[in-house]
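> fold the stuff below for me.
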Amino acid sequence: MEAGAVSALMGSMDATMRQRLVESVRSRGMKGFLTHELIAKHLFSNTFSSGSGPAEAWAMEASNRNAELAPRFLQRLECQFDNTMASFRKAPTFKEACKIHLTTGLYLAFLDKFSKWAPQRQWTEIKVNLDTQFDAGYLDGDFAHVAEECVPPIDLRSVSAFRQHMLRFEQSMRQQKEERQQALARDVAKANFAQVENQLQSDMTALRAALGDNTTQAAETAKDVKYMRERQQTGKDYVDTWMREHCKIIEGGSDVNKSMQEIMAFLEQFRGIAGNVYLICGLDFTIYPANSELVQSSCNVLATLLAMGSNNIGHIQCPMFHKQTSEMSTVKHTRTMEDALFKNNVNIGKRVALLFDKPPDSRGDQRASHQVCIAASHKLFANTSAFNASDIVVSGRVGPVPLIRVIDFIDYDESCKPGPADRVEQTLGLF
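Numbering: from 1, shown residues only. Predicted coordinates for the structure are as follows:
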């Protein structure tokens, strides 16, 4: 075995490696450090490779053709010898040395790939840390698993020591990327703000130039007021003309029969004329009148008008609660009205909500914000009424419409301040 060791030492070993091995043996001796078998079986020779059997895929990485492998393998044996107590020192067998040789080859391959990926400013510190773990044997289990279970290319995450550094680097890179993105977002926001600010200043300068002095502004304002007044008057004239030509509003009073005669006289002029004539009959029971005969006769007239055709519809505003009545009375009035309509074959199934828009300064206004109404038709035309497809009937709501203050009502008496029921009776002329 000694002759084979001498033959391998002098014949197949690189001169630099031979000198390095001789110096190491001279300072430590062969006992407990190295055996002639390792040298004789060419473990330090240029052509040796420990990548065989299950680790055959790593034959290139475990070959001494890599000039760094044999010296680093010897360094690992020296660290193992130096860090072991003299009484426990034992030279590795050839099988054990092959495992260490294979582990050393894989470590160098992993280290080379990691050096190209890791930040250069931290590389020296990281390498010292990894060398310390490798020389202490902490990485042998991971590399044994890689040799038997994995194949090239190298996956740095398969070894715990490299995986730990990679995770830390990736986290640092993500943080740096987020910081760069945040800085870029701040720069973009500042640039956008500066652009908007410059645009606003430019627009303000242009507006000041366009507005001119106070005299010019006053003249322009007068023109605007005149234009709005003329526009409102034009619209009012158009509405008045259209209403005169196409519509007629007939207001009912205490004499319902007289109102019925007036309506029939008006409709008579359209007899035999082509085209549709629409009749909207309104009954306002918001403040329920005290005259029950008036309620009954009004419902009778409504039913008669609705039975005249499918183009006629009734708009009935149901009773509402107010300070001069009670909730029980409001319910009773509603039932009385509905019973009168039912008896006259009026279909009251379609309900419409009348929405109110109160004035901004109406904090103490306790009036309701909506009112229930009925889109009534005769039962003969319940399914064929021309108004069944109207937006109001389909959506079930009207408005919001303005709800003016009580003191703004027409002919409101500020001195006696009549209540809701008093105003209705005055309008109907009942007392």
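> scan the protein for its longest helix.
helix 160-211 (DSSP state H).
> for the record, mean pLDDT for it?
When pLDDT is averaged along helix 160-211, the result is 89.
> same check, this time on stretch 258-268
Average pLDDT, stretch 258-268: 75.
> in the stretch 201-350 of the chain, mark out all the strands, start to finish.
All strands of the stretch 201-350 of the chain, identified by DSSP state E, counting those that start in this stretch, fall at 279-284, 312-317, 346-347.
> closest to residue 118 out of the ones you listed?
Nearest of those to residue 118, taken as CB to CB: strand 312-317 at 83.6 Å. C-beta: built from backbone N, CA, C; applies to glycine.
> and the closest one, which strands flank it?
Take DSSP bridges as the rule and strand 312-317 pairs in its sheet with strand 279-284 (parallel), strand 370-378 (antiparallel).
> most tightly packed of the ones you listed?
strand 370-378 (a mean of 21; mean count of other CB atoms under 10 Å).
> what's next to that one, contact-wise?
Residues outside strand 370-378 that contact it (CB atoms under 8 Å, 6 or more residues apart in numbering): 286, 302-303, 306-307, 310, 312-318, 320, 341, 345-348, 350-356, 385, 387, 392-393, 398.
> how far does the longest helix of the chain sit from its chain's centre?
In terms of CA atoms, centre = their mean, to the nearest Å, the centre of helix 160-211 is found 22 Å from the chain centre.
> equivalent analysis for stretch 107-127, please.
44 Å.
> repeat that for stretch 318-333.
Using CA atoms, centre = their mean, the offset of stretch 318-333 from its chain centre is 48 Å.
> could you look up the SS state of residue 133?
Secondary structure of residue 133, reduced to three states by DSSP: H, G, I helix; E, B strand; the rest coil: helix.
> contacting residues around it?
139, 161.
> what of the one 3 residues further on?
Residues touching residue 136, when contacts are defined by CB under 8 Å, 6+ apart, comprise 79, 83.
> and if you look at residue 381?
Residue 381 touches 306, 309, 310, counting by CB under 8 Å, 6+ apart.
> possible to save those as JSON lines with pLDDT, neighbour count and distance to residue 282?
Shown next, in JSON lines, are those (pLDDT from 0 to 100; neighbours: other CB atoms under 10 Å; distance: CB to CB, whole Å):
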{"residue": "306", "pLDDT": "84", "neighbour count": "26", "distance to residue 282": "12"}
{"residue": "309", "pLDDT": "83", "neighbour count": "17", "distance to residue 282": "17"}
{"residue": "310", "pLDDT": "83", "neighbour count": "18", "distance to residue 282": "18"}
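> about what we covered before: quick one: closest of the strands of the stretch 201-350 of the chain to residue 241.
Once the strands of the stretch 201-350 of the chain are compared by CB to CB, strand 279-284 is nearest, at 19.9 Å.
> for the closest one, list the C-alpha coordinates in PDB.
In PDB, the C-alpha atoms belonging to strand 279-284 read as follows (Å, rounded to 0.1, in the frame of the first residue of the first chain):
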ATOM      1  CA  LEU A 279    -108.100  63.000 -20.100                       C
ATOM      2  CA  ILE A 280    -106.400  63.200 -16.700                       C
ATOM      3  CA  CYS A 281    -108.800  63.500 -13.800                       C
ATOM      4  CA  GLY A 282    -107.400  64.700 -10.500                       C
ATOM      5  CA  LEU A 283    -108.900  64.200  -7.100                       C
ATOM      6  CA  ASP A 284    -106.900  65.700  -4.200                       C
END
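> hmm, who's touching it?
263, 267, 298-299, 301-302, 305-306, 308-309, 311-317.
> go with 7 Å
With contacts defined as CB atoms under 7 Å, 6 or more residues apart in numbering, strand 279-284 is touched by 298, 302, 305, 306, 311, 312, 313, 314, 315, 316, 317.
> relative to residue 192, how far out is the residue nearest in space to the middle of the chain?
Taking CA atoms, centre = their mean as the criterion, residue 185 is the residue nearest the geometric centre of the chain, at 20.3 Å. Distance of residue 185 to residue 192, computed by CB to CB, to the nearest Å: 10 Å.
> cool, residue 118 as well?
39 Å.
> higher neighbour count, these two?
residue 118 (18 against 10; other CB atoms under 10 Å).
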